[in-house]
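In: sequence first, predicted model second:
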Amino acid sequence: MKLGAFSTSLNVKDIKASKKFYETLGFKVFAGDVNNNYLIMKNDNALIGLFQGMFKQNILTFNPGWNESANKVENFDDIRLIQQHLKNNKIKLEKEVEENTSGPASLVLYDPDGNTILIDQHV
């Protein structure tokens, strides 16, 4: 199963302090707006989202159809196929995609330790 680009979305207390910290680690702002309390930072293939006040816990994020530079990839598994695979394997979904649709959509599930996983297709 191809899940696409991977990033970690962090719930941060002070986005400016977090931005400075990750810049010290070699990350650069890739997308977002610090004035709107979110940034996507990139270091080579590593992506970290910084989000202040948008959600309660950190989130593992996968983007089917995108690479780590947010460019569309030709061959990818549509989120609806991924959802069907998860359901066939008895994985409980917190949020599902409407099956008879196409294009952008997202689903949410939790791993056995309660970590949030977002599968977010933009294409």
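Out: Done, it's in.

In: this protein: helices as residue ranges?
Out: Counting by DSSP state H, the segments of the chain that form helices are 15-24, 79-88.

In: now render those as CSV, adding distance to S7, mean neighbour count and mean pLDDT.
Out: C-beta: built from backbone N, CA, C; applies to glycine. Shown next, in CSV, are the helices of the chain (distance: least, CB to CB, whole Å; neighbours: other CB atoms under 10 Å; pLDDT from 0 to 100):
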stretch, distance to S7, mean neighbour count, mean pLDDT
helix 15-24, 12, 15, 98
helix 79-88, 16, 16, 98
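
In: which one of the ones you listed lies nearest to N37?
Out: Taking CB to CB, helix 15-24 is the member of those nearest to N37, at 5.6 Å.

In: can I get the closest one in PDB, CA atoms only?
Out: Taking Å, rounded to 0.1, in the frame of the first residue of the first chain, the C-alpha atoms of helix 15-24 are listed here in PDB:
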ATOM      1  CA  ILE A  15       5.000  28.500  17.100                       C
ATOM      2  CA  LYS A  16       7.700  31.100  16.900                       C
ATOM      3  CA  ALA A  17       9.900  29.300  19.400                       C
ATOM      4  CA  SER A  18       9.200  26.000  17.600                       C
ATOM      5  CA  LYS A  19      10.100  27.500  14.300                       C
ATOM      6  CA  LYS A  20      13.400  28.800  15.700                       C
ATOM      7  CA  PHE A  21      14.200  25.500  17.300                       C
ATOM      8  CA  TYR A  22      13.600  23.500  14.100                       C
ATOM      9  CA  GLU A  23      15.500  26.000  12.000                       C
ATOM     10  CA  THR A  24      18.400  25.300  14.300                       C
END
